[in-house]
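> Next comes the sequence, and after it the predicted model I'd like to discuss.
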Amino acid sequence: MGRTADAIAEGVAIATAAARLAVKNHILVGTIAQGGAFDLDRYAGDAQNVLRAMAAESDEAAEHLTALRRRAKGRHSDPAGTHDYRDRDVRNLKRRARQSTAVAQRLRELADDPDEVRELVESARAAAWADVRGNLDRRLRVEGMRPDQDPDYASMREARMQALKLVDLQALSSQQRSRRKQADKLAKEAAKAEAKAEKPSRWGRKTAAKS
């Protein structure tokens, strides 16, 4: 392939990788965060929408490059910055605009091809499952690991002990103080209630004096 064809292929590859990532995130949200079932048709629609949106972005890039090319044509002074193009840049800008247009066309072709869309969704589902499986593996290794199996146990032990002293033990002490205060308060209230129950009423004292 020539230089232009290589650039187009690279642009399509980058766009499809980004589309795969977007669909993977949709799958993770829909199936795990929202508790839904995997529906190929639903995510096929998501994939088509993402591909078409990226195609539109490539078209916009082509239009922008064309405008830059027209502005640069006939200008031969020194540029003021990286994107201040001159007549000598016209050919390169024209090639880049054609590449962006070709990428947009290819992305639309992919979006209209059911087999390509299905393949993209299946690869996104595989990537989503790989993420979930990797997270589970890491979590199981951490939770089920014995000290002698953890290569970082010795270096992290001091940090964990400091965290225990500064955070966990302080929190436990605070909880115990709070519980003691609550218990003392309940005990005082109970004592007051008991004393009040044993103390005769004013009417009761008068009746007892008359008798």
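In hand now; what should we look at?
> Going by C-alpha atoms from here, please, whenever you check contacts or count neighbours.
Fine.
> Which strands or helices does the longest helix seen in the chain pack on?
If you go by DSSP state H, the chain has its longest helix at helix 40-72. With contacts defined as 3 or more C-alpha pairs under 8 Å, 6 or more residues apart in numbering; DSSP states H and E, the secondary structure elements packing on helix 40-72 are helix 3-28, helix 90-111, helix 114-144.
> how far does the second one sit from the chain's center?
Between the mean C-alpha location of helix 90-111 and the chain-wide mean there is a distance of 31 Å, by C-alpha atoms, centre = their mean, to the nearest Å.
> Can you spell out which helices and strands pack onto that helix?
For helix 90-111, the contact count by 3+ C-alpha pairs under 8 Å, 6+ apart identifies helix 3-28, helix 40-72, helix 114-144 as packing neighbours.
> Out of those helices, which is closest to residue 95?
Closest to residue 95 of the helices and strands packed on helix 90-111, according to C-alpha to C-alpha: helix 3-28, at 7.6 Å.
> and the closest residue to residue 46 other than its chain neighbours, how many residues sit next to it?
In space, and not counting its chain neighbours, residue 46 is closest to residue 23: 6.6 Å by C-alpha to C-alpha, 6 or more residues apart in numbering. Using other C-alpha atoms under 10 Å, the number of residues around residue 23 comes to 27.
> I'd say residue 23 and residue 48 touch.
No: taking C-alpha atoms under 8 Å as the definition, residue 23 is not a contact partner of residue 48, at 9.8 Å.
> ok so, going back, tell me the spacing between the residue nearest to residue 46 and residue 32.
Going from residue 23 to residue 32 by C-alpha to C-alpha, to the nearest Å gives 14 Å.
> Residue 7 too?
Per C-alpha to C-alpha, residue 7 is found 37 Å from residue 32.
> Looking at the two, which is more packed in?
The residue with more neighbours, out of residue 7 and residue 32, is residue 7; 17 against 13, by other C-alpha under 10 Å.
> Apart from its chain neighbours, what residue comes closest to that one?
Sequence neighbours aside, residue 99 is the residue nearest to residue 7 in space, at 6.9 Å (criterion: C-alpha to C-alpha, 6+ apart).
> Tell me how far that neighbour lies from residue 121.
Between residue 99 and residue 121 the distance, using C-alpha to C-alpha, works out to 26 Å.
> So which of the two has more stuff around it?
residue 121 (27 against 23).
> for the protein, which spans come out with low pLDDT?
Residue ranges of the chain with pLDDT under 70: 1, 33, 136-179, 194, 196-211.
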